[in-house]
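Chemist: Sequence first, predicted model second:
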Amino acid sequence: MSQQMGRREMVAAAMAVPRSVLGGRGVAAPSDKLVIAGVGVGGVGQSYLKGCASEKIAVLCDVDLNYAAKTFATYPAAKVYQDYRVMLEKEKGIDAVVIGTPDHTHAQIALAALELGKHVYCAKPMTRTVVEARKLKEMAAEKKLATQMSVQTCGSDDSLTTVEWVRAGAVGRVQRVDVWNDRPLWPQDLARPKEQVPVPSGLNWDLWLGNAPKRPYHPLYHPFNFRGWVDFGTGALGDMGCHTLHVIALALELGAPISVEASRSLVKVFAESGQGDLSWTRSRTARHAETFPHASMVTWRFRKAGGVLPVTWYDGGLKPPKPEGWERSKPLPDSGILFHGEKGVLWSGFTGRPRMLGEREFAAPPKTLKRTEEHYQEWITAAKGGPAGACEFGFGAYLTELTLLGAVAQRTGRYLDWDSAAMKFPGDEEATAMLRG
């Protein structure tokens, strides 16, 4: 970035604040615009680029030219590539890279960009494996570049209000936490498709696969359903865990868990007979190891003052029991968090003000945590020498690791002790191997 910014300074010296005033390697002057490249711009990458509209969107890259055509048309002056490696080799002038690809390619693209001194914005979860998450965290710290993971509510007023309430003792000592979400919105617990389907025009399937094991193209993988497949995604938990667990992690300053376990729900499969009767079968284990289960419960346990704190995640339509103080005739919403404490239960719906259940009142504490008014601008400001974003890769890697530990538990269906320092599940070599792939 510094070399290219030097070139722009010579062109617009009268308009730019001298870099010596701002200080810092690769720091842009306020009057400069970041030169941004987007990789994976046909899906969520579109919205990421819109969030960076104040800057110069100069380069676009997507393995599926037809799927990304709408984004290409939005930025007609941008150069277009299919292979991010070619893009990084040729486009020396880019300052930052925005990554909106499937989970399994996040790490390889982000690492390559950081190595070249580019600031990085990346879709959540940052990586598909724990090993990748730690490596990406280390490189981001080493390079001292601006990073951000796409947890848009990480610094929002609603989220941080919940954090402040819990820290101020709204429920006293927290005894357990329930968190749930309505994902997956895509098919899971599937067998690998057998039919041969032609690769759509404009799609480079080998580039889409990246470092993943080779397999023929099928629409059950791309463009949306990759999330449910172990080789490409991280399931419902990987998709939404970072969006929800950050509130709990900040409120309780969790640190690393001491164990994680998962139970996969009974899968009911209804089949209509020739007479119109319905019958169903059930399974206590995932029927297809290549995809995540239909629904599951995941519990992490953390060592805290006063004992062990369990945090339980529910997905696939599963929800915790209604707590005391919740209206009996009113169902729990599709997503939310319940903090159960000695003094009562606190409800948070991610948006809106948290509330105490029952008749107990709580005086809102002062707002002491820094709010983020604009998630994308926060990253852009960091790239220009400002403070790090709320979900920079240090915190982002922690959230990613937490969700990925849960994903391993979902795949094994077992109770797993966790040794964070050694990065292994003691006594379980199979689960430990899943930290790498």
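Modeler: In hand now; what should we look at? Numbers count the residues shown, from 1 in each chain.
Chemist: which residue packs closest to Gly427, ignoring adjacent ones?
Modeler: Counting by C-beta to C-beta, 6 or more residues apart in numbering, Asp417 is the residue found nearest to Gly427 once chain neighbours are left out, at 7.1 Å. For glycine as for every other residue, the C-beta is placed from the backbone atoms N, C-alpha and C.
Chemist: Give the residue spans of the stretch 1-150 of the chain that score low on pLDDT.
Modeler: Low-confidence segments of the stretch 1-150 of the chain (pLDDT under 70): 1-31.
Chemist: quick one, strands of it?
Modeler: 35-39, 56-61, 79-81, 96-99, 119-122, 147-149 (DSSP state E, counting those that start in this stretch).
Chemist: What residues of stretch 400-413 count as buried?
Modeler: 400-412 (16 or more other C-beta atoms under 10 Å).
Chemist: and these, which of them are in helices?
Modeler: 400-412 (DSSP state H).
Chemist: Check those residues and tell me the two furthest apart.
Modeler: The largest distance within these, taken as C-beta to C-beta, falls between Thr400 and Thr412 and amounts to 18.9 Å.
Chemist: sec struct for Ile337, please.
Modeler: Classification of Ile337 using DSSP: H, G, I helix; E, B strand; the rest coil returns strand.
Chemist: Contact partners for the residue nearest to Gly427?
Modeler: Ile258, Ser259, Phe425, Pro426, Gly427, Asp428 (C-beta atoms under 8 Å, 6 or more residues apart in numbering).
Chemist: Now do the SS call for Arg353.
Modeler: coil.
Chemist: Report how many residues lie close to it.
Modeler: Neighbour count for Arg353, taken as other C-beta atoms under 10 Å: 12.
Chemist: Please tell me I have it right and it contacts Leu160.
Modeler: No: using C-beta atoms under 8 Å, Arg353 is not in contact with Leu160; the gap is 11.7 Å.
Chemist: Output the buried residues of stretch 400-413 as CSV; include the columns pLDDT and distance to Glu164.
Modeler: Below are those laid out as CSV (pLDDT from 0 to 100; distance: C-beta to C-beta, whole Å):
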residue, pLDDT, distance to Glu164
Thr400, 98, 25
Glu401, 98, 25
Leu402, 98, 21
Thr403, 98, 24
Leu404, 98, 28
Leu405, 98, 27
Gly406, 98, 26
Ala407, 97, 30
Val408, 97, 32
Ala409, 97, 31
Gln410, 95, 32
Arg411, 94, 36
Thr412, 93, 37
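Chemist: Which one of the ones in helices among the buried residues of stretch 400-413 is nearest to Leu252?
Modeler: Leu402 (12.3 Å).
Chemist: Look up the pLDDT of the spatially closest residue to the closest one that is not a sequence neighbour for me, please.
Modeler: Using C-beta to C-beta, 6+ apart and skipping the chain neighbours, the partner closest in space to Leu402 is Leu245 (5.8 Å). On the pLDDT scale, Leu245 is placed at 97.
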